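>>> prediction below, plus the sequence it came from.
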Amino acid sequence: MDIQTIERTTLSNLIYNEDYARKVLPFIKGKYFEVKEERIIFEEISNFVDRYKKIPTQTTLEIELGDRKDLSEIEYKKVVDIIKTLNPTEVDFDWLVDHTEKFCKDKAIHNAIVDGISIIDGNDKNRTPDSIPSILTDALAVCFNNAVGHDYIGDADSRFEYYHRIEERVPFDLDFFNKVTKGGLPTKTLNVALAGTGVGKSLFMCHMAASSIAQGKNVLYITLEMAEERIAERIDANLMNISMEDLHSLPKKMFDSKIDELVNKVNGKLIIKEYPTATANSNHFRGLIKELAIKKSFKPDIIFIDYLNICSSSRFKGGANINSYTLVKSIAEELRGLAVECNVPIMSATQTTRSGFVSSDIGLEDTSESFGLPATADFMFALVTNDKLEDKHLIKVKQLKNRYNDPTINKTFYLKIDRAKMRLSDASLEDQSDLVDSGQDTSKIDTSLFDKTSFGKRNLDFSKLKV
């Protein structure tokens, strides 16, 4: 069906087929019609439905058009002549809806390309080339969807299926993280690690990236802090089970041999992309993902961003006079939107405040710069260390926010950490037997990690009386 035929068929059914009109009218735009007269007719139909909540007749349209002051006599006659050609058509309803949707998609993409060319040529003074990816994305997202909400009784069956659906997740290789997330990170989520400088944010993400590619997942690692080679170095140490110091003294032949072993052991792909600090935002990441799809046929299963606070915002220009709360919250919302759009989990990190850096009991209030970040994140946890934990080669994990599970269950737990090899592993019960609030059954209490308040001291005295 050619463009002119589908346009005329669409207009005919908008005034003769109420079911069709109610289904497609919210998604059709006047600019999809190439012929000016047909565009005017559509605008009159749309305006009439908005005002009177029912579809107009041919006579009604002719009267409404006669009241317009922006049409010459010749234009009015052309429009009326087209209206008189609109007659009821007997076509399959679903077929017509599908072809109307295709027509809208094709026209949206065509208009987006024309707009993009206009922006590049400098003819559009209100938009910059940075807006082109979002224009194309909106055009590609055109879809007829008449869902207007969840009918509690009518949609009970679909709700039951949802309860029993196995949600797609990217699992950890750490048992306790899998327990608290019910099997891993779900798609369309933003997950954030909170820690002080040098505690292990990048180590955690590099370990998880290595684990993900070992499970056959495709990983995109975006770094705004360290060079691409530094990230690759940490993942090499993890996967090759070699300390970073020994990695630099490894002979080329042995290094090649290790790489050959990884080719057979690792089924996923890893792409590491470096951006200068505070210069890249979600639009840059979106463009990178599309470029990787075209040039390398690479689609990520999980995205790591190291780290969130040093990204820029696509909604605020550099140097804009805005506070850190608004800026960081904006970045978090944009990254979560990117996760939804790409249907992947995003893992990132943030710094603690100065007081949080020296605290053994970090809370959400210790998030630096913006409390809007924990408000946006789906899963947030703190990584805590001190001299005692370092001596035991342990790191403490504390749940701060969890939309996947009850955060009070296994609220804190410990992991074994090997900083030389950039590796994490599950800590045995013996490793943490004298640490408090581990999320597992322990027999002793370590006062250096216990609450120093009067309430905590009373509980400590009480625990000593237990037989």
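Looks like it came in fine.

>>> quick check: the gap between residue 152 and residue 323.
Note on residue 152: its distance to residue 323, by C-beta to C-beta, to the nearest Å, is 41 Å. No exception for glycine: its C-beta is placed from N, CA and C like everyone else's.

>>> list the buried ones in stretch 365-372?
366-370, 372 (16 or more other C-beta atoms under 10 Å).

>>> next, format these as CSV and append pLDDT, distance to residue 60 and secondary structure.
Below are these laid out as CSV (pLDDT from 0 to 100; distance: C-beta to C-beta, whole Å; DSSP: H, G, I helix; E, B strand; the rest coil):
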residue, pLDDT, distance to residue 60, secondary structure
366, 77, 64, helix
367, 82, 59, strand
368, 73, 62, coil
369, 73, 58, coil
370, 76, 54, coil
372, 84, 50, helix
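
>>> tell me the one among those nearest to residue 191.
residue 367 (14.1 Å; C-beta to C-beta).

>>> I figured that closest one hits residue 350, correct?
Yes: if you go by C-beta atoms under 8 Å, residue 367 and residue 350 touch, sitting 6.1 Å apart.

>>> intersection of neighbour lists for the two?
194, 373 (C-beta atoms under 8 Å, 6 or more residues apart in numbering).

>>> so where's the stretch 201-350 of the chain shaky on pLDDT?
318-320 (pLDDT under 70).

>>> do the same with the stretch 351-467 of the chain
Across the stretch 351-467 of the chain (using pLDDT under 70), the flagged ranges come out as 354-360, 432-467.

>>> distance check, the residue nearest the centre of the chain against residue 126.
Centroid-nearest residue in the chain: residue 339, 1.3 Å away (criterion: C-alpha atoms, centre = their mean). Distance of residue 339 to residue 126, computed by C-beta to C-beta: 29 Å.

>>> strands of the stretch 51-200 of the chain, residue ranges please.
Residue ranges of the strands in the stretch 51-200 of the chain, as given by DSSP state E, counting those that start in this stretch, are 169-170, 185-186, 189-195.

>>> helix or strand right after the longest one?
Going back to what we said before, that points to strand 189-195. Scanning forward in sequence from strand 189-195 by DSSP states H and E, the next helix or strand is helix 201-214.

>>> what packs against that following helix?
Applying 3 or more C-beta pairs under 8 Å, 6 or more residues apart in numbering; DSSP states H and E, one finds that helix 201-214 makes contact with strand 189-195, strand 219-223, helix 228-240, strand 302-306, strand 345-351, strand 423-426.

>>> can you give me the end-to-end distance of stretch 414-431?
Stretch 414-431 has an end-to-end distance of 9 Å (C-alpha to C-alpha, to the nearest Å).

>>> buried ones in it?
In stretch 414-431, counting by 16+ other C-beta under 10 Å, buried: 414-419, 421-424, 427, 431.

>>> could you do stretch 378-394 as well?
Buried residues in stretch 378-394 (16+ other C-beta under 10 Å): 378-386, 389, 392, 394.

>>> most widely separated two among those residues?
Across those, no pair lies farther apart than 378 and 392, at 30.8 Å, counting by C-beta to C-beta.
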